[in-house]
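Student: coordinates for the following, if possible.
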Amino acid sequence: MWAVEGCNGIGKHLAQRLVADGETVLDVPAKLSARARVFSTGQGRKTDATDAHAVAVVALRTPDLVRVRPDDHLVVLRMLADRRDELGTARTATVSRLHRLLLELIPGGAKRFLSATQARALLNGVRPRDLVGKTRRQLAAELITELTALDKKIKAADKQLTDLLVETGTGLRDLYGIGPSGAARLLGDIGDIDRFPTAARFA
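Tutor: Below you'll find the model as predicted:
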């Protein structure tokens with residue numbers, strides 16, 4: 001039997017690898033191991049040896065520690081939520097670069113919230129004759145193509161997250177303002193809600 005401190009934090013990867021190998025793993029809260037370390041040494045200084053001893057002592061003397069379970073489904077949700085965030089960041093950066101070019105091609109530029117279709121319609125009305133203007137238009141067209149591809153990936157990512165969330169049976173998406181990415185992030189980061197004995201402890 002293994003005892004790992006903070007199985008939902010810094011010890012998560014080690015704990016999940018052990019569980020995946022068929023080992024029994026107990027989650028030792030950092031607060032309990034810190035208390036045991038102080039009682040054992042008379043002070044709170046941390047070393048690898050005192051940490052290991054404190055975690056083992058807590059595991060031996062605490063009967064109701066949470067046993068770590070495989071959380072492949074939650075790991076997948078976290079991975080996909082990270083991917084969705086990266087796509088959103090990439091889209092924001094692409095739109096920002098596109099805005100900069102459109103501002104130089106069109107008097108007043110374009111509106112703040114710009115879709116690929118709207119940007120393409122604006123660009124179709126621009127016919128610069130100088131080399132600089134033509135190059136700007138070319139770069140803007142390339143960014144619109146990138147934006148279209150990102151929008152397709154974001155749509156696919158949202159659908160994949162939605163399908164996975166349906167399998168969990170969560171009601172998080174019924175709350176106003178929580179979409180597929182937000183719900184996946186909450187479930188993936190929090191894990192098993194039952195590990196919190198009270199709502200106050202969760203908060």
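
Student: packing partners for the helix-or-strand element of the chain with minimal mean pLDDT?
Tutor: Within the chain, confidence by mean pLDDT, DSSP states H and E is lowest for helix 30-41 among all helices and strands, at a mean of 80. In this structure, helix 30-41 makes packing contacts with helix 48-61, judged by 3 or more CB pairs under 8 Å, 6 or more residues apart in numbering; DSSP states H and E. Backbone N, C-alpha and C define where each C-beta goes, glycine included.

Student: for this structure, which residues score under the pLDDT cut-off?
Tutor: Per-residue confidence of the chain (counting by pLDDT under 70) places the weak regions at 41-45.

Student: which strand or helix spans the most centrally placed residue in it?
Tutor: Among the residues of the chain, Asp82 comes closest to the average C-alpha position under CA atoms, centre = their mean, at 3.9 Å. For Asp82, the element it lies in under DSSP states H and E is helix 72-105.

Student: just the buried residues of that helix, please?
Tutor: By neighbour count with 16 or more other CB atoms under 10 Å, helix 72-105 contains the buried residues 74, 77-78, 80-81, 83-84, 87, 90-91, 94-95, 97-99, 101-102, 105.

Student: tell me who's in contact with the residue nearest to Lys153 when sequence neighbours are not counted.
Tutor: The shortest distance from Lys153 to any residue other than its chain neighbours is 5.5 Å, reached at Leu87 (CB to CB, 6 or more residues apart in numbering). Applying CB atoms under 8 Å, 6 or more residues apart in numbering, one finds that Leu87 lies in contact with Leu150, Lys153, Ile154, Ala157.

Student: a markdown table please, covering those and showing neighbour count, distance to Ser115 and secondary structure.
Tutor: A markdown table is the format used below for those (neighbours: other CB atoms under 10 Å; distance: CB to CB, whole Å; DSSP: H, G, I helix; E, B strand; the rest coil):
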| residue | neighbour count | distance to Ser115 | secondary structure |
| --- | --- | --- | --- |
| Leu150 | 19 | 11 | helix |
| Lys153 | 16 | 15 | helix |
| Ile154 | 17 | 12 | helix |
| Ala157 | 21 | 18 | helix |
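
Student: and the residues you listed, which two are furthest apart?
Tutor: In the contacts of Leu87, two members sit farther apart than any others by CB to CB. They are Leu150 and Ala157, at 10.2 Å.
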